[in-house]
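Enquirer: mind folding the following:
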Amino acid sequence: MFKTQLSQSRAWGEFYTLKLMHRHIGAIAVLILISLLSSLSGTPVDHTISNCWEGLIWGLADPVIALDCLVGIIAIGLLSSVFVRGAAIAGCFVLAAILGIVIHSFQLNLPGTEIAIATSTIVFGTMLMLPNQPNFIVLASVGVSAGLFQGYANAESIIGVGTMPLIAYIVGITLTLFTVAMSAREIGSAIGMGEINRILPWKISITGFAFCAIGIVFLSNSII
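Expert: From the prediction side, this is the model:
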C-alpha cells in the first residue's frame, strides 16, 4: 500500500516537472520568435522614454528584442543549472547588466560592446556543446562580462530618460533577465545537465551550435 502511494507520488511529481518544463520551453520559444520578428520588422533601435510606464515597458522588452542578447541570457541560464548554487551565476549576470546601465547613465565609455556580446555568445554556445561541465569561476566571469556589456548596450538605445523612468527601466530589464535566465535554468535542471557522468542531450548540443552560429553572425556584422 505504502509503495503504491509512493510510486503514484513520484509519477505525479515527474508529470508536474515535465509539464512545467514544457511551459518554460514554450515561453522561451515565444520570446525567440518575438526577437526574430522584431529583427525582421526593423524595430527602432533608439527609443525615447518620457515616463515611468514607458521605462518599464522598454525595460521588459529590450533584452528580448536583441537576438544576440536573448540567446546569451538563455545560455547562461542553461549553463548555471550544472551547479547546485548556479542561481548565483544568473544573479551575478543580472547585477552586472544593471551595472552596465549605470555606467552608461554616467556617460562612461565602454568600447567594443557589440563585439563583446557576440564573443560571449560564442563562448556560451561552445560551453553548451562541450561534454565536460564548465568551471564555476570561468562561467561566472564570462557571465559577469556578458551582463555588463548587455546592460550597457541596452542603455545605449534609450534617449532622453530621466531619473525615475531610468529606475523603472532598470526594474523592467531586471525582471526580464531574471525570469528568462531562471526559466532556462529550470529547463537545464529538468533534462539533467547537472547530473554527474551525464550524457549531454543532443538537443542541447544543437542549441549550443545554433548559439555559436548566431554569435558568429553578429560578430562578423560588428567587425565589418
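
Enquirer: ok, now which ones touch Ser189?
Expert: Contacts for Ser189 (Cβ atoms under 8 Å, 6 or more residues apart in numbering) come out as Ser81. C-beta: built from backbone N, CA, C; applies to glycine.

Enquirer: my error: substitute Ala184 in the last question.
Expert: Residues in contact with Ala184 (Cβ under 8 Å, 6+ apart) are 24, 28, 73-78, 81.

Enquirer: which one among these gets closest to Leu177?
Expert: Set against Leu177, the nearest of these by Cβ to Cβ is Ile73 (5.9 Å).

Enquirer: okay, and that closest one sits in which element?
Expert: In this structure, Ile73 sits in helix 67-80 according to DSSP states H and E.

Enquirer: and the gap between the most centrally placed residue in the chain and Cys52?
Expert: Centroid-nearest residue in the chain: Ile73, 1.0 Å away (criterion: Cα atoms, centre = their mean). Between Ile73 and Cys52 the computed distance is 24 Å (Cβ to Cβ, to the nearest Å).

Enquirer: also Ile187?
Expert: Distance of Ile187 to Cys52, computed by Cβ to Cβ: 33 Å.

Enquirer: so the two - more neighbours on which side?
Expert: Ile187 (22 against 17; other Cβ atoms under 10 Å).

Enquirer: and the more buried one, helix, strand or coil?
Expert: helix (DSSP: H, G, I helix; E, B strand; the rest coil).

Enquirer: how far away is it from Ala66?
Expert: To Ala66, Ile187 is 21 Å away according to Cβ to Cβ.

Enquirer: please apply the same query to Leu60.
Expert: From Leu60 to Ala66 the distance is 13 Å (Cβ to Cβ).

Enquirer: and for Ala210?
Expert: Distance of Ala210 to Ala66, computed by Cβ to Cβ: 16 Å.

Enquirer: neighbour count winner among these two?
Expert: With neighbours defined as other Cβ under 10 Å, Ala210 and Ala66 compare such that Ala66 has more, 23 against 13.
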